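Model the structure of this input:
(chains A and B)
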Amino acid sequence: MTFSDFNFDINLFEGLASMGFKTPTPIQAETIPIIQSNHDLIACAQTGTGKTASYLLPVMDAICRMEQRPTISALVLAPTRELAMQIDQQVEGLAYFAGITSMAIYGGGDGIGYEQQRKALREGVDIVIATPGRLIAHMSSGIVRLNEIKFLVLDEADRMLDMGFKDDINRIVREVSSERQTMLFSATMPPKIRAFAKTLLKDPKQVNIAISQPAQGIVQQQYRVGDNQKTPLLKQILQSGDFRSVIVFSSTKEKVKSLGRELSKLELAVQPFHSDLAQEEREQILLRFRNKQLPILIGTDVLSRGIDVVGIDLVVNYDVPPDPEDYIHRIGRTARAERTGTAITFVNSRDSRRFLAIERLMERKVEEAPLPEGIEAAAEVPDHHERRRGNQPNRKRHGGKSKHHQAPKAAHPEGGTTVAATDEKPDSQKKKKKRPFKRRNKGPKPDAPQHVDTPSSEAS
DNA sequence: AAAAAAC
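Coordinates of the predicted model:
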């Protein structure tokens, strides 16, 4: 099957070619004909499967064929600013020859952005991609006309409900003509989403692509660690030089920040990423990360969904995500576009149960990797030896443990990779009690995580 | 146990 089977407008084919799209992905093959035949659609699919293009292409094709275009033809709602931005960029790429206009509408800008958005909404733009809050802000100012919209897309609908956007979405949808065609995409399909979908869609067709199964090309590993072993282990992995594009996830902003400070003391070009950063900074960081100018991001779950960066070889879960589904999303940042990748999770004794829930969701066990030598040694030094001579937090001899590894390859400080110089509280490194480390070692294999390099079979 | 999103 090729894209020409869909009889798209000729200009769209040029966009496809320029974007390097050749063969429809499974979800595209299934979804595009449904949308072309004017049905509502409810689709269970993750990003990276070609989900975005699966709705953009038929929508753009329909827009190309309109004799007269309304002020706004299509509205896409997305949960995060980065995702909205990314969808907009995809429209721009595909629409380059088709003369379709688009605008990402999201908050956090500097005021100029707001005015540009306002102007576009007032004068008309074919496809609007918005986060709900900012769109409502524009609606309140009375300049937005959503009533002529023909296509409404809810992307990452499960996430939007999680984030409490339900009322906002309803408020927006009320303004959109009921003549519209509606498409809802969700990575998961719990009853709550299904019920919500029922209120928005008319007799939808359903498409299911891989509910909770991570991509084939991901090698998953877990390390059983104590809290005090996490950072040394992470350092060793990052300094091994085996990975050139990495995301480290942590569950809170504070931990992301302190980890960023900690790691930037080494010669690692790391950059924290979370919602406390200025939007402009978020955009610059992501751009540099995409361009492989920045090798390591340390982020919250704002990065866990939707963000599609090709070539990430490693995802580290510094802690187990609170929501099992976030795990699937996090590790899905790697092994995209038929590449392979590694996903490593640090599991401490408190996280064991949560990790079991993740394994249950995936219906598979995750291989347990033995801790490398330097880390084991660290665990076996009982802390009271050091502790009783004065209570110095004792932070000066970090990072000297990695003699088994080579100099960091992924550590070119490209330009300023400084950690945001905010006034943070002192490190909250002191844990009340240190649990004895529980290891269930199966055999000595004192090595850094193996990086699997076998290319997956080329599908065509 | 968290994060995200408007001004």
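
which ones are touching the nearest residue to residue A:189 once chain neighbours are set aside?
Excluding the flanking residues, the one nearest residue A:189 by C-beta to C-beta, 6 or more residues apart in numbering is residue A:44, at 4.8 Å. Where you see a C-beta, it was placed from the backbone N, CA and C, and this is true even at glycine. Residues in contact with residue A:44, defined by C-beta atoms under 8 Å, 6 or more residues apart in numbering, are A:186, A:187, A:188, A:189, A:206, A:207, A:208, A:209, A:211.

ok, of these, which come out buried?
The neighbour count (16 or more other C-beta atoms under 10 Å) marks A:186, A:187, A:188, A:189, A:207, A:209 as buried among the contacts of residue A:44.

Next, count neighbours for the residue of the stretch 51-200 of chain A found nearest DNA strand B.
DNA strand B sits closest to residue A:133 of the stretch 51-200 of chain A, with a gap of 2.4 Å, by C-beta to the nearest atom of the strand. For residue A:133, the neighbour count with other C-beta atoms under 10 Å is 15.

I figured it hits residue A:108, correct?
No - between residue A:133 and residue A:108 there is no contact under C-beta atoms under 8 Å: 9.9 Å.

Show me which residues of the stretch 351-460 of chain A sit near DNA strand B.
A:351, A:353, A:354 (C-beta under 7 Å from any atom of the strand).

any idea which of the residues you listed is closest to residue A:40?
Minimum distance to residue A:40 across these is 36.0 Å, recorded for residue A:354 (C-beta to C-beta).

give me the low-pLDDT residue ranges for the stretch 251-400 of chain A?
A:376-400 (pLDDT under 70).

the helices in it, which residues?
A:253-264, A:279-290, A:324-331, A:352-362, A:373-380, A:383-387 (DSSP state H, counting those that start in this stretch).

So which of these is the most surrounded?
Here the criterion is mean neighbour count by mean count of other C-beta atoms under 10 Å, and of the helices of the stretch 251-400 of chain A the winner is helix A:324-331, at a mean of 24.

Show me what that one is packed up against.
strand A:314-317, strand A:341-347, helix A:352-362 (3 or more C-beta pairs under 8 Å, 6 or more residues apart in numbering; DSSP states H and E).

any chance of the ones you listed in a markdown table, plus distance to residue A:327?
Shown next, in a markdown table, are the helices and strands packed on helix A:324-331 (distance: least, C-beta to C-beta, whole Å):
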| stretch | distance to residue A:327 |
| --- | --- |
| strand A:314-317 | 7 |
| strand A:341-347 | 8 |
| helix A:352-362 | 5 |
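
Out of those, the one nearest residue A:199 is which?
Using C-beta to C-beta as the measure, helix A:352-362 is the one of these that comes nearest residue A:199, at 26.7 Å.

What lies in contact with the closest one?
A:212-214, A:222, A:320-322, A:324-325, A:327-328, A:345, A:347, A:365-366.

Just the buried ones from these, in PyMOL syntax?
Buried members of the contacts of helix A:352-362 can be picked out in PyMOL with the line below, counting by 16+ other C-beta under 10 Å:
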select buried, chain A and resi 212+214+222+320+321+324+325+327+328+345+347+366
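
Among the contacts of helix A:352-362, which one sits closest to DNA strand B?
Using C-beta to the nearest atom of the strand, these come closest to DNA strand B at residue A:322, 4.6 Å.

packing partners for the host helix or strand of residue A:17?
Using DSSP states H and E, residue A:17 sits within helix A:10-19. Where contact means 3+ C-beta pairs under 8 Å, 6+ apart, helix A:10-19 is packed against helix A:51-65, helix A:81-95.

Let's have those helices in a markdown table, adding mean neighbour count.
Listed next are those as a markdown table, based on neighbours: other C-beta atoms under 10 Å:
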| stretch | mean neighbour count |
| --- | --- |
| helix A:51-65 | 23 |
| helix A:81-95 | 21 |
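
Can you check which of the helices and strands packed on helix A:324-331 gets nearest to residue A:98?
Each of those was scored for nearness to residue A:98 using C-beta to C-beta, and the closest is strand A:341-347 (33.4 Å).

partner residues bridging residue A:223?
Assessed by DSSP bridges, residue A:223 has beta-bridge partners residue A:346.

ok, it - how many residues close by?
Residue A:223: 24 neighbours (other C-beta under 10 Å).

show me the contacts for it.
Contacts of residue A:223 by C-beta under 8 Å, 6+ apart are A:233, A:344, A:345, A:346, A:347, A:368, A:369, A:371.

if you set the cut-off to 10 Å instead, what comes out?
By C-beta atoms under 10 Å, 6 or more residues apart in numbering, the contact list for residue A:223 reads A:229-230, A:233-234, A:237, A:316-317, A:344-348, A:368-372, A:375, A:439, A:449.

Only the buried subset of those, as a ChimeraX command please.
Listed next is the ChimeraX selection for buried residues among these, using 16+ other C-beta under 10 Å:
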select /A:229,230,233,234,237,316,317,344,345,346,347,348,369,370,371,372,375,449
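
mind listing what's buried in stretch A:107-117?
Neighbour-count burial for stretch A:107-117 flags A:108, A:109, A:113, A:114, A:117 (criterion: 16+ other C-beta under 10 Å).

out of those residues, which one sits closest to residue A:301?
Taking C-beta to C-beta as the measure, residue A:108 is the one of the buried residues of stretch A:107-117 closest to residue A:301, at 17.4 Å.

Can you name the residues of chain A sitting close to DNA strand B?
Counting by C-beta under 7 Å from any atom of the strand, chain A sits next to DNA strand B at A:79-82, A:106-109, A:114, A:131-137, A:140, A:162-165, A:251-254, A:274-276, A:300-302, A:321-323, A:326, A:350-351, A:353-354.

Just confirm residue A:27 is within a helix.
Yes - the assignment for residue A:27 is a helix, going by DSSP: H, G, I helix; E, B strand; the rest coil.

Quick check: the gap between it and residue A:307.
Applying C-beta to C-beta, to the nearest Å, the value for residue A:27 to residue A:307 is 18 Å.

which ones are touching the residue of the stretch 51-200 of chain A closest to DNA strand B?
Contacts of residue A:133 (C-beta under 10 Å, 6+ apart): A:81, A:105, A:106, A:107, A:108, A:163, A:165, A:168.

is it fair to say it lies in a helix?
Yes - under three-state DSSP, residue A:133 falls within a helix.
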